[in-house]
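Peer 1: Pasting the sequence and the predicted model now:
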Amino acid sequence: MSIELANQQSPLPASLLPALEVRGLVKHYPGVKALDGVDFHVNQNEVLGLAGENGAGKSTLLKALVGLVRPDAGQIYVRGEKVRMRSVVDAANHGVGMVFQEQSLVPNLTAAENIVLGSEGPGVRRGMYRWDTMRKLAQEQLDKIGSTIDPRARTDTLTFADRQMVEIAKVLRIEQRTRFAPVIILDEPTSVLESGEVETLFTQIRRLREFASVIFVSHRLDEVLEVCDRVTVLRGGQSVGDVATAGAVPGDLHRLMIGSTGSDDHYHDSSIERPAGEPRPRLTVRGLSGPSFRDVDLDIAEGEILAIVGVHGSGREDVCRALFGAQETVAGEVTLDGKKLDLSGSRAACSAGVGYVPAERKIEGMVGPMSVADNMTLTKQGVRCVGPLVVPVRQASVVDTWISRLSIRTPHRGTAIQRLSGGNQQKVVLARWLVGGDIRLLLLDHPTRGLDIGARSEVYKLMRELANTGVATLLLADSLEEAIGMADRIVVMSDGRITAEVACPSGAKPTPLDLVKEMV
Ligand SMILES: Nc1ncnc2c1ncn2[C@@H]1O[C@H](COP(=O)(O)OP(=O)(O)OP(=O)(O)O)[C@@H](O)[C@H]1O
């Protein structure tokens, strides 16, 4: 490990040195310069936001900071010392740790075991686990962030939000390895949290700031401004600006992100042109029951967008999956355009004209090693064939149209989807249901998760265009504001049942508070 001082000429007092600093970091991938000379720093006891459009280079930068990506050029300094991060362990030894978007806990171990795993210390003696000591060590970590999670609870019984707390407690174990305050990186930690859980996380982040530095990455600019002291904006692999959050508004960040004046009015209601006359019913659900939902009745008309809101455990995700044949049901009847919908599997759903964008994109939504083009046309073989013959040029032209229409950042249509940034992968998954042009019901489970503002606007526009052609949409939105902005009608689910319905017509939208009242 080579160490070199960053400020040999005029060393600053140790307390004023940045906790972490990056200068001129460069990383090439085939056909892409993911990092193009990034400079940024996070001060001691500071919460620094990192914002940027999909593909701006945020994840690559974070991975370089924890030794998962080897930069081609540039330097990283920890408290003024030049360091090389060759692995996660190297980073931990320098007090830098990351909580990943895809959680890394072992599900059938307890919270305590997960927290201590890999740095057991006195938790193991002569090769034997000392359970009481492990629990005590884990409890100390949980106490640091003020968490009340039982260290004996199995991780797979915890909510997503609690699992995230366990991850943070685990990452804080790096404190044992260094005499300095740690730098904790949170990569899109709020993307799957409900609003109450976000508030809890923010409380923990403020607590962390008392003894650590935090780098916080999110596409939700209002959240970035709420919890961070300062925000560094990345564009095209470069840092293009630093914004102090006091007094700043999301538009300030957005302008830097896209390099021009953008519109924050991303729900823009005006493009709705419902067909004249009484819309015909498209989806009818009666008495649908499954392991986590009961007696669900729903109607969605042609061209209607219906949002279901509810907290974790409300059952709404499972209803959505059930309508795609991906979740078992025990009772109920579902019809699409008057015909019984076969819920036995996703193949039947696809051929009936049902599309599904799952929230767990990496697990359910894409085949990582396959190309962008093949992922996009996965369920629409007709797009690539004339009769029984595969005609690649036909696939190419359709795929290129959607790459350009959704501004998907990919070196080529033949690039493996796993090489794209998270937001661009999501756009490909969404485009899959648009290429055939024969969709009748679209089930969208958090379709804008991980998308930047520009891409989100594009998705909203597409949803409206599809609605205008008669597609019925069931939306599980990322926020109450998104549900209100996009839906014509909202139903509330709680404990597996529908408990309320709120009209949401253009020009007479309810407020988030109106919805919250129905949800409690
Ligand atoms: N393993 C890889 N191989 C090839 N290209 C990659 C790889 N990882 C990232 N890239 C490319 O590098 C660029 C930056 O990607 P990165 O994931 O860092 O962006 P991001 O800002 O985190 O985006 P998002 O907000 O969508 O997650 C993108 O063009 C992406 O396609």
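Peer 2: Arrived safely, thanks for sending.
Peer 1: tell me which element the closest residue to residue 371 other than its chain neighbours falls in.
Peer 2: Counting by CB to CB, 6 or more residues apart in numbering, the nearest residue to residue 371 once its immediate chain neighbours are dropped is residue 414, at 4.8 Å. In this view, the C-beta of every residue, glycine as well, is placed from N, C-alpha and C. Using DSSP states H and E, residue 414 is not contained in any helix or strand.
Peer 1: In contact with residue 414, which residues?
Peer 2: By CB atoms under 8 Å, 6 or more residues apart in numbering, the contact set of residue 414 is 371-373.
Peer 1: low-scoring stretches of the chain, by residue?
Peer 2: For the chain, applying pLDDT under 70 flags the ranges 1-12, 101-103, 119-120, 123, 192, 260-277, 312, 381-385, 387-388, 520.
Peer 1: Mark out where each domain of it begins and ends.
Peer 2: Annotated domains of the chain cover 1-95+179-258, 102-177, 280-353+439-520, 367-437 [automatic domain parsing].
Peer 1: What is the nearest of the contacts of residue 414 to residue 186?
Peer 2: Taking CB to CB as the measure, residue 372 is the one of those closest to residue 186, at 28.7 Å.
Peer 1: burial of the closest one, as a residue count?
Peer 2: Residues lying near residue 372 (other CB atoms under 10 Å) number 27.
Peer 1: Phi and psi next, for it.
Peer 2: Backbone torsions for residue 372, taken as degrees, to the nearest 10, come to phi -60, psi -50.
Peer 1: if I read this right, it contacts residue 408, doesn't it?
Peer 2: Yes. The criterion here is CB atoms under 8 Å, and residue 372 meets it with residue 408 at 7.2 Å.
Peer 1: Next, show the common contact partners of these two.
Peer 2: By CB under 8 Å, 6+ apart, the residues touching both residue 372 and residue 408 are 420, 428.
Peer 1: how near is the residue nearest to residue 371 to the ligand?
Peer 2: Separation of residue 414 from the ligand (CB to the nearest ligand atom, to the nearest Å) stands at 13 Å.
Peer 1: do residue 343 as well
Peer 2: Taking CB to the nearest ligand atom, one finds residue 343 at 33 Å from the ligand.
Peer 1: thinking that residue is in contact with residue 331, fair?
Peer 2: No. Shown here, residue 343 and residue 331 do not form a contact pair, counting by CB under 8 Å, at 11.1 Å.
Peer 1: wait, which of the contacts of residue 414 is closest to residue 171?
Peer 2: Using CB to CB, residue 372 comes nearest to residue 171 of these, at 33.0 Å.
Peer 1: Do I have it right that residue 441 meets residue 353?
Peer 2: Yes. The criterion here is CB under 8 Å, and residue 441 meets it with residue 353 at 6.5 Å.
Peer 1: And the next helix or strand past the helix or strand hosting residue 240?
Peer 2: Taking DSSP H and E as the definition, one finds residue 240 inside strand 238-244. As assigned by DSSP H and E, the chain's next helix or strand after strand 238-244 is helix 250-258.
Peer 1: Report the inter-axis angle for that following helix versus strand 238-244.
Peer 2: Here helix 250-258 points in a direction 170 degrees away from that of strand 238-244 (axes from the mean of the first three to the mean of the last three CA atoms, to 10 degrees).
Peer 1: Which parts of helix 250-258 count as buried, going by neighbours?
Peer 2: Within helix 250-258, the residues scored as buried using 16 or more other CB atoms under 10 Å are 250, 252-254, 256-258.
Peer 1: Dump those residues to JSON lines, plus distance to the ligand.
Peer 2: Below are the buried residues of helix 250-258 laid out as JSON lines (distance: CB to the nearest ligand atom, whole Å):
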{"residue": "250", "distance to the ligand": "16"}
{"residue": "252", "distance to the ligand": "19"}
{"residue": "253", "distance to the ligand": "14"}
{"residue": "254", "distance to the ligand": "14"}
{"residue": "256", "distance to the ligand": "14"}
{"residue": "257", "distance to the ligand": "10"}
{"residue": "258", "distance to the ligand": "13"}
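Peer 1: Tell me the residues on this structure that lie near the ligand, please.
Peer 2: 29, 32, 34, 52, 54-60, 409, 419-424 (CB under 6 Å from any ligand atom).
Peer 1: Just the buried ones among these, please.
Peer 2: Looks like these have 32, 34, 52, 54-60, 409, 419-424 buried, using 16+ other CB under 10 Å.
Peer 1: from the residues you listed, which ones fall inside helices?
Peer 2: Mapping those onto helices (DSSP state H) picks out 58-60, 422-424.
Peer 1: will you turn the domains of the chain into CSV that also has distance to residue 360?
Peer 2: Formatted as CSV, those follow (distance: least, CB to CB, whole Å):
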stretch, distance to residue 360
domain 1-95+179-258, 9
domain 102-177, 9
domain 280-353+439-520, 8
domain 367-437, 11
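Peer 1: Need the overlap of contacts for residue 441 and residue 353.
Peer 2: residue 336.
Peer 1: out of those two, which sits in the more crowded spot?
Peer 2: Neighbour totals were compared for residue 441 and residue 353, and residue 441 leads with 23 against 19 (other CB under 10 Å).
Peer 1: Write down the beta-bridge partners of the more buried one, one by one.
Peer 2: Residues in a beta bridge with residue 441, per DSSP bridges, are residue 354, residue 472.
Peer 1: what packs against the strand holding residue 240?
Peer 2: Helices and strands touching strand 238-244, as assessed by 3 or more CB pairs under 8 Å, 6 or more residues apart in numbering; DSSP states H and E, comprise strand 32-42, strand 230-235, helix 250-258.
Peer 1: For residue 348, which of these is the nearest?
Peer 2: Proximity to residue 348 (CB to CB) singles out strand 32-42 among those, at 39.1 Å.
Peer 1: residues making contact with that closest one?
Peer 2: Taking CB under 8 Å, 6+ apart as the rule, strand 32-42 contacts 18-28, 48, 50, 57, 60-61, 64, 71, 74, 183, 213-215, 232, 234, 236-239, 242, 411.
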